[in-house]
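Undergrad: my questions are about this predicted structure, shown below with the sequence.
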Amino acid sequence: MAKPPKTILVVDDDPEILSMLQLRLEHRGYKVLTASDGKEALASAKRSRPALMILDVMMPSKNGWEVARALKQDPVTEGIKILMLTAIGAQVNEMTSPLYGADAHLDKPFNFNELDQTLERLLAD
């Protein structure tokens, strides 16, 4: 019997990035949910408990680092893997993402093959 697809919550305030990632991930066999700000992301994560969240940093209401910290501090959501995907700058992303509980980070613009490899590593059973 086939495993159900893993759920990924993609959070970004740029509708083009949301759409592009959703299409790519659905094509790769994932169930994809989307959110466009930090508050919506937290509510969706608590409700749906995705296996992984792809999270932008610079967003309205709550930034990605605030969302990551809140997820990791809540027993209901602490197991969700977090991939920070942001254009904030490679050095800032590399230094800051782990401090807030992110499991991995990629910088925009990103390479789809690198994204796929990172997701496979984070979602390995």
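TA: Right, received. Where do you want to start?

Undergrad: report the secondary structure element holding Val67.
TA: Assigned by DSSP states H and E, Val67 belongs to helix 64-73.

Undergrad: and the spatially most central residue of the chain, helix, strand or coil?
TA: Centroid check for the chain by CA atoms, centre = their mean gives Ile54 as the closest residue, at 1.3 Å. At Ile54, secondary structure determined by DSSP: H, G, I helix; E, B strand; the rest coil is strand.

Undergrad: start at 522 instead
TA: OK, 522 is where the count begins now, so the last one is Ile575.

Undergrad: contacting residues around it?
TA: Applying CB atoms under 8 Å, 6 or more residues apart in numbering, we find Ile575 in contact with Ile529, Leu530, Val531, Val532, Asp533, Leu542, Leu604, Leu606. Backbone N, C-alpha and C define where each C-beta goes, glycine included.

Undergrad: one more time with 7 Å
TA: By CB atoms under 7 Å, 6 or more residues apart in numbering, the contact set of Ile575 is Ile529, Val531, Val532, Leu542, Leu604, Leu606.

Undergrad: could you list which of these belong to helices?
TA: Leu542 (DSSP state H).

Undergrad: neighbours around Arg568, how many?
TA: Applying other CB atoms under 10 Å, we find 11 other residues in the vicinity of Arg568.

Undergrad: can you get me a residue count around the closest residue to Glu599 other than its chain neighbours?
TA: Spatially, and ignoring its direct neighbours in sequence, Glu599 is nearest to Lys593 (5.4 Å; CB to CB, 6 or more residues apart in numbering). The number of residues packed near Lys593 is 16, by other CB under 10 Å.

Undergrad: pretty sure Pro525 sits in a strand.
TA: No - per three-state DSSP, Pro525 lies outside any strand segment and is coil.

Undergrad: ok, which stretches of this protein are strands?
TA: Using DSSP state E, the strands of the chain run over 528-532, 552-556, 573-576, 602-607, 625-628.
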